[in-house]
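Asks: only the shape, not the letters, is given here:
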Ligand SMILES: O=C(O)c1ccc(O)c(O)c1
Ligand SMILES: [Mg+2]
């Protein structure tokens, strides 16, 4: 399987696009005509440049409004095609994409179009070129791959084939299994794109909202399964028109594209039995057993304040690293590592962000397999010198410079806590916290797709629908990624402006990171009392919030009084109830949340978020803390 991407999918000028595409690991490109025209350089030089980067030009596109025209427009269309054939030969590519006509004077008629393609096929053949026909979802007469296939079939020319594009098929809700009846050797090229399900005009949807397979809601894997079932073994290419990506970082978008393609082909390989297999074998998505640890990079009084926060949350300082300035704080199954090192990765993370979560340990079934898969998806491994007596725990770079370690029991990595840490006679003071309920990561809205793709391609996690969270100063979009058994939950919070609480955190911490950690209790009222006795101060909620709760829910007066006394927020869904309270913001806008899920409540208290944010901002204003 050869991988490819259309130059239109990536931001930047032609050279920037190509560099990003080559660096991400693609085999080839579709050169989008506009990207070539905007470039100042001879087509032969451009072709040589592309090949010198290790990329092949698999396709030139698009050639528009060709078929079904009356004379003299028809003759003109053939002349235009000859000029493009000249250009293709200079660039060094043999395949052109002809998209179905939108020309107001195009006449329609399957046989007329087939005749046009037969003649174009002759002209292409005389130069050793090939022509592929693609049905645009909004084509004037042809807007369905089944009609495009009938035209190609009737053109009956070795140099004329079909081009399939998942967007055009799936956006029109055409059953992708109809592809299974097309002979694979007549499919000349396959383009893939996903998109979020939004009701809108097809052309507008296609030109602005496409995204990488797995980032949207279309059944791209089913489409691709049908394609491989035909025996098609040509390139698989991404063609993504997306406003956000046009303004994104070329290397990030290209890497995301590569990750999405490799993951998709692995999914297809696993469920569609074809020989030879369309993609190399690789380990499947890692099964997550939970969050093994969260590590903070911090220093001096910030570190002291953070540890004091952990103490009031009921954590115990239970271990000290044998060689490094690392303190282990534990409660229930939760492990927090406080790293005060002044060299190495954590130290750099501190210099960059201030006190920050610099590392997350994910408990998986097989750590080695998880790293192998991550690498095949294009992630970089992360290594630091391993000191005497220390375990070599596999790790990768996440996005935004973050680090993820993989811990398993199978290879004994979970022994790190006894091997590398000496027990500390810390104060016992459990407040009843049991595990990490979720990690909330804050990022700019533009980065959300990259993060969700990163997690969902690497781990057995699924996305829940995006929700809007109203901050008094702007909107924050929130999306949860979770394992089906809840063993890991991560919420992604995308800020659009720096005036929101999330946006302010992002600006002050110079990039995406964990803004809050939600810790689970099985008795939130007991936990709240235990923490209060240790001097924990919850985020104060307004009386108005509780007055509204009474109106929204059927709460007994005693329950309401308990909620109010503990500044505990409340929510319900169809399956259960939810209780949550918050810490006050800690340095830089980071904070903690305590939650209790009763029954099968599966949300995150989103209806409460606007009131929590307002309360946090109120408190920060009172304390004269900077905006956020
Ligand atoms: O939006 C378009 O015009 C357009 C052009 C070429 C394609 O391959 C395509 O899928 C869409
Ligand atoms: Mg296309």
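Replies: Structure received. Keep in mind that what you see is a predicted model, and the values were worked out from it rather than measured. Ligands and ions are numbered 1, 2, ... in the order given.
Asks: I'd say residue 156 and residue 115 touch.
Replies: No: applying CB atoms under 8 Å, one finds residue 156 not in contact with residue 115, separated by 10.6 Å. (Glycine included, C-beta is placed from N, CA and C.)
Asks: more neighbours: which of these two?
Replies: residue 115 (16 against 11; other CB atoms under 10 Å).
Asks: what about that one, which helix or strand?
Replies: helix 110-125 (DSSP states H and E).
Asks: closest residue of the stretch 251-400 of the chain to ligand 2?
Replies: Closest contact between the stretch 251-400 of the chain and ligand 2, by CB to the ion, is at residue 257 (14.7 Å).
Asks: could you measure from the nearest residue to that residue once chain neighbours are set aside over to ligand 2?
Replies: Among residues not flanking residue 257 along the chain, residue 238 sits closest, at 4.9 Å (CB to CB, 6 or more residues apart in numbering). From residue 238 over to ligand 2 the distance is 10 Å, taken as CB to the ion, to the nearest Å.
Asks: show me the beta-bridge partners of residue 238.
Replies: residue 5, residue 192 (DSSP bridges).
Asks: and for residue 583?
Replies: Here residue 583, judged by DSSP bridges, has bridge partners residue 538.
Asks: residues in contact with it?
Replies: Contact analysis of residue 583 by CB atoms under 8 Å, 6 or more residues apart in numbering lists 309, 313, 536, 537, 538, 539, 591, 592, 593.
Asks: now find how far off-centre stretch 588-596 is within its chain.
Replies: Stretch 588-596 has its C-alpha centroid displaced from the chain centroid by 24 Å (CA atoms, centre = their mean, to the nearest Å).
Asks: mean confidence score for that stretch?
Replies: Stretch 588-596 carries an average pLDDT of 93.
Asks: got the buried residues for stretch 275-293?
Replies: Under the neighbour-count criterion of 16 or more other CB atoms under 10 Å, stretch 275-293 has 278-279, 282-283, 285-293 buried.
Asks: show me what stretch 29-41 is in contact with.
Replies: Applying CB under 8 Å, 6+ apart, the set of residues contacting stretch 29-41 is 4-8, 13-15, 17-18, 21, 43, 46, 49-50, 55-62, 87, 91, 93, 97, 191, 237, 239.
Asks: ok and the residue in this structure nearest ligand 2?
Replies: residue 165 (3.5 Å).
Asks: still on that earlier bit, ok, the residue nearest to residue 257 touching residue 210?
Replies: No: counting by CB under 8 Å, residue 210 is not a contact partner of residue 238; they are 9.1 Å apart.
Asks: quick one, which of these two is more surrounded?
Replies: Taking other CB under 10 Å, residue 238 and residue 210 do not tie; residue 238 has more neighbours (31 against 28).
Asks: check contacts around the more buried one.
Replies: Contacts of residue 238 (CB under 8 Å, 6+ apart): 4, 5, 6, 9, 191, 192, 193, 212, 213, 257, 260, 261.
Asks: restricted to strands, list the buried residues of stretch 275-293.
Replies: Taking DSSP state E as the definition of strands, those contribute 288, 289, 290, 291, 292, 293.
Asks: coming back round to it: can you give me the distance of the residue of the chain closest to ligand 2 to ligand 1?
Replies: 5 Å (CB to the nearest ligand atom, to the nearest Å).
Asks: what pairs with that residue across the strands?
Replies: Applying DSSP bridges, one finds that residue 165 bridges with residue 191.
Asks: the residue of the stretch 251-400 of the chain closest to ligand 2: what secondary structure?
Replies: Here residue 257 is helix, with the state taken from DSSP: H, G, I helix; E, B strand; the rest coil.
Asks: per-residue pLDDT, it?
Replies: On the pLDDT scale, residue 257 gets 98.
Asks: neighbours of it, just the number please.
Replies: 32.
Asks: same question for residue 38.
Replies: So residue 38, with other CB under 10 Å, has 10 neighbours.
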